[in-house]
Structures are given as structure tokens and as C-alpha cells.
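Participant: Kindly return the folded structure for what I paste below:
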Amino acid sequence: MNRKGQWMPVLAVKPDRTKLFLAWYDRRYDPVSNSLIEAFGVLAGLPLAGSNSFAGNFRLSTVQFPPAFTGTTMTNAGTFDPTYPPQYRNDGTNCPTFLGLYAPHMGDYDIPFADDTYNYSSWADNRTFSVHRAAVRHQADVRLARVPWPQSTTKGNNDDQTSLFTSSR
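Facilitator: Numbers count the residues shown, from 1 in each chain. So this is what the prediction gives:
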């Protein structure tokens, strides 16, 4: 177990109900700021028989990416992105969301899907930049990975870096 942030798990089950796929956001490989994010996955055999049912963790994303919050450029602290202006409050502060209407949404729309051959997992990925007239900011894009079901799932190293999939880049 590491002490880095891990959140927004999603899961899919093989149609014959023999295997499980889990994906999540993870910061385990950002030793400096605990900020850079990667998408990770793991496969398991069903029914679950404790932690021995899970194979090793693997990366879905091909690079680390920073968080992207609505309302900030993420280049200068406190500088707001003109695309996502803050809602100013009467108390002299502001709500750093798009006009205060929604909160940061990292992972809210991630959806896994499984068929008999593959798992398909999407995630929000902020590696690319968007240039606006007044700001350069990280842009939230949707990425997709296709992960094949293995013939068997065996206990593996939780830091396994073997690529088992094809990913949109």
C-alpha cells in the first residue's frame, strides 16, 4: 500500500461472470508533489477469494498528467481561466468553478465496458494544452484503453508495469 492518492474506481465484469476489471486514478509515481495523475487497472478472477484473486496493477495511461480544475489556469496560482470564470461572492472570495455551477469533475464520467474478449476503459486525461486568447491551460480530454482478458489471473506485483493493452494516445 502506498500513501499517495487513489480515487474514482470503476469496474466491469466479463459477461460470463468469471473475471473482474477495476480501473482508478493514482498518484503513486509522483514522488515530489503528489499531484501528477495516472490511470491504473487490475484484473481479478471471480469469485473473489481474497487478495490472491487479483493480478498485478498496470498503467492504462501512457504518461503522467496534472489535475485540471475549472476556474484556474493551473499556471499561476489564483489566476482564473477566462473560459471558466469564477463566481464571485459577497464575502470577497470566489467559487473556483464554472460560474459556481459545478465542482471539479475528474472521473465522474469514466465508464468501463467488457465483452468476451476485451475491457474498454475511458478516463479524463489532462496531458494536452489548450490555448485561449488570455491563457494556456491543461485540457481535459477523454482517453480509451482496450485491455484483453487474460487466460488466467494470477497474483502479481502491485507495481507491475507490463502493458497488457492498446491505448488511444
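Participant: Could you count how many residues lie near Asp110?
Facilitator: The tally of other residues near Asp110 (other Cβ atoms under 10 Å) stands at 19. To be clear about C-beta, it is placed using only N, CA and C from the backbone, and glycine gets the same treatment.
Participant: Likewise for Arg28?
Facilitator: Arg28 has 17 nearby residues by other Cβ under 10 Å.
Participant: Surely it touches Leu36?
Facilitator: No: between Arg28 and Leu36 there is no contact under Cβ atoms under 8 Å: 10.0 Å.
Participant: What sits closest to Gln6 if chain neighbours are left out?
Facilitator: Closest residue to Gln6 in three dimensions, ignoring its sequence neighbours and counting by Cβ to Cβ, 6 or more residues apart in numbering: Asp26, at 4.9 Å.
Participant: Please name the residues that touch the one you found.
Facilitator: Going by Cβ atoms under 8 Å, 6 or more residues apart in numbering, Asp26 touches 4-6, 37-40.
Participant: List only buried entries from those.
Facilitator: 37-40 (16 or more other Cβ atoms under 10 Å).
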